[in-house]
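Colleague: What would the 3D arrangement of this be:
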Amino acid sequence: MATELVDGAPSRPAARPGYPARRPEADQDGPEMLNWAQNSVIGRASAVATPTTEPELQALLAASTGRVRMIGSRMSAGRMLELASAGDTLLDLSHLRGLLATTEGTATFGGATPLQEVYAVLTGMGRMPSAAPGVIAEQTLAGALATGTHGQGLQQSSIGDAAASIRMVLADGTALDLERDHPWFPAVQLGLGVLGVVTAVTLRTEPSLVYTCAKSAVSAAGLADDLARWSTENVMSKAWWFPDEDQVHVWTAREATPDEAEEWRRGGRQLVARAETSDVLNAAVDQTLATMRSDTRLADQDGKPFRTVTRFRDFSDVTGDVYQVFCRGIATPQINVEIGIPLARAAEVVQKLRAWHAETRPHLHYPVILRCTGASSAWLSPSPEATCFFGFVVYYAEDGSLSEEGVAFLRAVEEVLAAEGGRPHWGKYFDEALYDWPALYPQWAGFAEVRDALDPRHTFDNAFTARLFDRALAVR
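Modeller: Now for the predicted structure:
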């Protein structure tokens with residue numbers, strides 16, 4: 001649905017199916033509970049329950065007769081969180097957080113612990129989880145598991161794959177502890193919030209390492225071959241593809257040398273940026289900023305959305321721990337589409353995207369984000385094998401609307417990747433009609449059976465998740 005023009009200026013933004021308009025003027029303390037991006041009402045504020053202990057949570061669930069959804073940090077797309085009717089409950093679990101226990105190789109945290117707190121605690125212990133961090137650390141640990149939050153690097157996969165055990169409170173109020181060897185563990189690792197309330201997660205940890213990240217800008221002509229090489233030759237890598245300028249900005253990380261690590265320690269364990277900088281990407285940065293500013297019309301020309309791009313100007317190599325190097329995202333309301341393609345097919349898909357871009361010249365709001373991960377053991381993971389994730393972003397305008405051209409690009413590029421067998425990131429935005437879920441996920445029906453066993457009344461469903469698993473019932 002297009003934004004209407006009144007006297008040449010946009011009126012109040014109209015909602016678009018799948019890509020809702022934002023309500024920046026909404027009262028966060030009003031009667032409606034919105035998601036973090038303020039683009040979806042997820043329920044009435046009066047529906048929020050805030051248990052302070054696990055026994056309180058157990059009693060609440062045992063007495064509940066309606067549907068229940070966990071809100072976490074509310075950073076997912078609204079359909080993952082929203083309730084449908086009166087009598088349902090939104091669970092705020094913010095009291096069930098913090099470090100609960102440690103062993104030599106594990107650390108147990110409350111499910112509602114924000115990832116930034118998990119990382120800060122582990123850093124203080126000289127430890128890191130056996131999975132690279134996601135870009136944004138404001139989401140909760142349980143929310144990261146529910147949606148398949150991942151980092152970058154073929155030697156690891158999603159944060160859920162670092163879990164050694166998971167504790168849940170079920171819809172009837174009972175508690176269940178699952179270890180990695182339990183046959184249902186792969187379902188619980190990425191549970192979409194429909195299996196139970198995750199109250200504790202034990203993460204496998206390892207000694208914290210120091211990394212040096214080399215940054216460069218290269219021609220996109222070789223991207224199809226370079227993508228797999230960067231991922232296989234380095235511990236972690238990430239790239240931003242500027243198709244209009246035919247350039248790629250790439251970060252490749254390796255373990256720091258003893259001298260580099262010592263320099264980092266002498267500097268107070270803060271990120272070390274090399275004195276040598278490169279301006280080779282500055283023209284592409286400036287062009288992207290011009291497009292973003294035209295699309296968003298934000299009054300603050302140096303606001304958060306723009307800082308996600310200006311960091312590429314005059315870039316330099318850096319040395320730091322894994323969080324300092326890669327957990328560098330800036331949380332700002334956006335439409336984010338991310339589709340996983342098997343790494344074995346990524347080169348072919350890159351070539352198709354390059355040809356599609358050359359033919360259609362779509363309006364690109366932001367560079368294409370490329371991150372590769374190893375295989376996940378979670379049944380519903382978008383990366384059941386080594387996978388390259390293609391990410392696309394459009395930021396909101398000052399009035400809460402979205403660039404029509406930017407939205408058109410998102411829709412078109414998702415169609416291209418869905419046709420290539422892509423699997424979307426669960427916590428982000430996607431057009432569910434493009435995907436045949438049981439065909440994409442061999443354990444789809446098995447997951448639905450676990451859901452039936454753990455939550456026979458489907459207490460934790462909402463309209464979105466119920467719609468998804470109606471498809472599974474048809475193939476049993």
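Colleague: contacts for stretch 402-416?
Modeller: For stretch 402-416, contacts defined as C-beta atoms under 8 Å, 6 or more residues apart in numbering pick out 2-3, 13, 16, 19, 21, 295-296, 335, 337, 339, 352-353, 356, 360, 362-365, 390, 392, 394, 396-397, 424, 429-431, 434. C-beta: built from backbone N, CA, C; applies to glycine.
Colleague: which residues sit in contact with the residue positioned nearest the centre of the chain?
Modeller: For the chain, residue 149 is the residue whose C-alpha lies nearest the centre (C-alpha atoms, centre = their mean; 4.7 Å). Applying C-beta under 8 Å, 6+ apart to residue 149 gives the contacts 115, 134, 139, 143, 158-160, 427.
Colleague: Could you export those residues as CSV, including pLDDT and distance to residue 220?
Modeller: Formatted as CSV, those follow (pLDDT from 0 to 100; distance: C-beta to C-beta, whole Å):
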residue, pLDDT, distance to residue 220
115, 94, 32
134, 83, 25
139, 92, 31
143, 94, 34
158, 94, 28
159, 94, 30
160, 95, 32
427, 92, 28
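Colleague: Which members of those residues are positioned in strands?
Modeller: Using DSSP state E, no member of the contacts of residue 149 sits in strands.
Colleague: Quick one: residues contacting residue 355.
Modeller: Residue 355 neighbours (C-beta under 8 Å, 6+ apart): none.
Colleague: what secondary structure does it sit in?
Modeller: Three-state assignment for residue 355 (DSSP: H, G, I helix; E, B strand; the rest coil): helix.
Colleague: For residue 415, see how far away it is.
Modeller: 15 Å (C-beta to C-beta, to the nearest Å).
Colleague: on that earlier part again, and of the contacts of residue 149, the nearest to residue 166?
Modeller: residue 160 (8.5 Å; C-beta to C-beta).
Colleague: if I pick the closest one, what's in contact with it?
Modeller: Residue 160 neighbours (C-beta under 8 Å, 6+ apart): 144-145, 148-149, 189-190, 376, 378, 381.
Colleague: Export the residues you listed as JSON lines, with columns for distance to residue 104 and secondary structure.
Modeller: As requested, these are exported to JSON lines (distance: C-beta to C-beta, whole Å; DSSP: H, G, I helix; E, B strand; the rest coil):
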{"residue": "144", "distance to residue 104": "24", "secondary structure": "helix"}
{"residue": "145", "distance to residue 104": "23", "secondary structure": "helix"}
{"residue": "148", "distance to residue 104": "28", "secondary structure": "coil"}
{"residue": "149", "distance to residue 104": "26", "secondary structure": "coil"}
{"residue": "189", "distance to residue 104": "23", "secondary structure": "coil"}
{"residue": "190", "distance to residue 104": "27", "secondary structure": "coil"}
{"residue": "376", "distance to residue 104": "25", "secondary structure": "coil"}
{"residue": "378", "distance to residue 104": "26", "secondary structure": "coil"}
{"residue": "381", "distance to residue 104": "28", "secondary structure": "coil"}
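Colleague: And the residue nearest to the centre of the chain, its phi and psi?
Modeller: With angles defined as degrees, to the nearest 10, residue 149 sits at phi -60, psi 140.
Colleague: okay, it: pLDDT?
Modeller: The per-residue pLDDT reported for residue 149 equals 92.
Colleague: do the same with residue 81
Modeller: 87.
Colleague: Quick one: residues contacting it.
Modeller: Contacts of residue 81 by C-beta under 8 Å, 6+ apart are 35, 40, 42, 69-72, 74, 90, 462.
Colleague: Show me the helices in the stretch 251-400 of the chain, by range?
Modeller: Secondary structure of the stretch 251-400 of the chain (DSSP state H, counting those that start in this stretch): helices at 258-266, 282-296, 304-310, 322-326, 343-360.
Colleague: for residue 409, helix, strand, or coil?
Modeller: Residue 409 ends up helix, using three-state DSSP.
Colleague: burial measure for it, as a count.
Modeller: Using other C-beta atoms under 10 Å, residue 409 has 21 neighbouring residues.
Colleague: And for residue 336?
Modeller: 21.
Colleague: ok, for it, nearest residue in space, not its chain neighbours?
Modeller: For residue 336, ignoring the flanking residues on the chain, the nearest one in space by C-beta to C-beta, 6 or more residues apart in numbering is residue 428 at 4.7 Å.
Colleague: Can you give the domain ranges for the protein?
Modeller: Residue ranges for the domains of the chain, per automatic domain parsing: 99-208, 210-434.
Colleague: Where does pLDDT dip in the stretch 351-476 of the chain?
Modeller: 471-476 (pLDDT under 70).
Colleague: can you pull out the strands in it?
Modeller: 368-373, 387-395, 423-424 (DSSP state E, counting those that start in this stretch).
Colleague: elements contacting the first one?
Modeller: In other words, strand 368-373. Secondary-structure packing of strand 368-373 (3 or more C-beta pairs under 8 Å, 6 or more residues apart in numbering; DSSP states H and E): helix 223-233, strand 236-242, helix 343-360, strand 387-395.
Colleague: Nearest to residue 171, out of those?
Modeller: strand 387-395 (32.3 Å).
Colleague: Please name the strands paired to that closest one in the sheet, noting orientation.
Modeller: strand 334-342 (antiparallel), strand 368-373 (antiparallel) (DSSP bridges).
Colleague: returning to what we had before: now the strands of the stretch 351-476 of the chain in JSON lines, with mean neighbour count and distance to residue 57?
Modeller: Listed next are those as JSON lines, based on neighbours: other C-beta atoms under 10 Å; distance: least, C-beta to C-beta, whole Å:
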{"stretch": "strand 368-373", "mean neighbour count": "24", "distance to residue 57": "32"}
{"stretch": "strand 387-395", "mean neighbour count": "24", "distance to residue 57": "33"}
{"stretch": "strand 423-424", "mean neighbour count": "24", "distance to residue 57": "31"}
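Colleague: and the contacts of residue 81, which two are the farthest apart?
Modeller: 40 and 70 (15.4 Å).
Colleague: now stretch 352-361, how far from the chain's geometric center?
Modeller: 26 Å (C-alpha atoms, centre = their mean, to the nearest Å).
Colleague: Name the residues of it that come out as buried.
Modeller: Buried positions in stretch 352-361, judged by neighbour count with 16 or more other C-beta atoms under 10 Å: 352-354, 357.
Colleague: Please apply the same query to stretch 459-470.
Modeller: For stretch 459-470, by 16+ other C-beta under 10 Å, it's 459-462, 464-465, 468-469.
Colleague: Just the CA coordinates for it, please, in CSV.
Modeller: Output of stretch 459-470 as CSV, limited to C-alpha atoms (Å, rounded to 0.1, in the frame of the first residue of the first chain):
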residue,chain,number,x,y,z
THR,A,459,-0.7,-22.3,24.6
PHE,A,460,2.4,-20.6,23.2
ASP,A,461,1.0,-20.2,19.7
ASN,A,462,-0.2,-17.0,18.1
ALA,A,463,-1.8,-16.4,14.7
PHE,A,464,1.6,-16.5,12.9
THR,A,465,2.9,-19.7,14.4
ALA,A,466,-0.4,-21.5,14.2
ARG,A,467,-0.5,-20.6,10.5
LEU,A,468,3.0,-22.0,10.0
PHE,A,469,2.3,-25.4,11.6
ASP,A,470,-1.1,-25.9,9.9
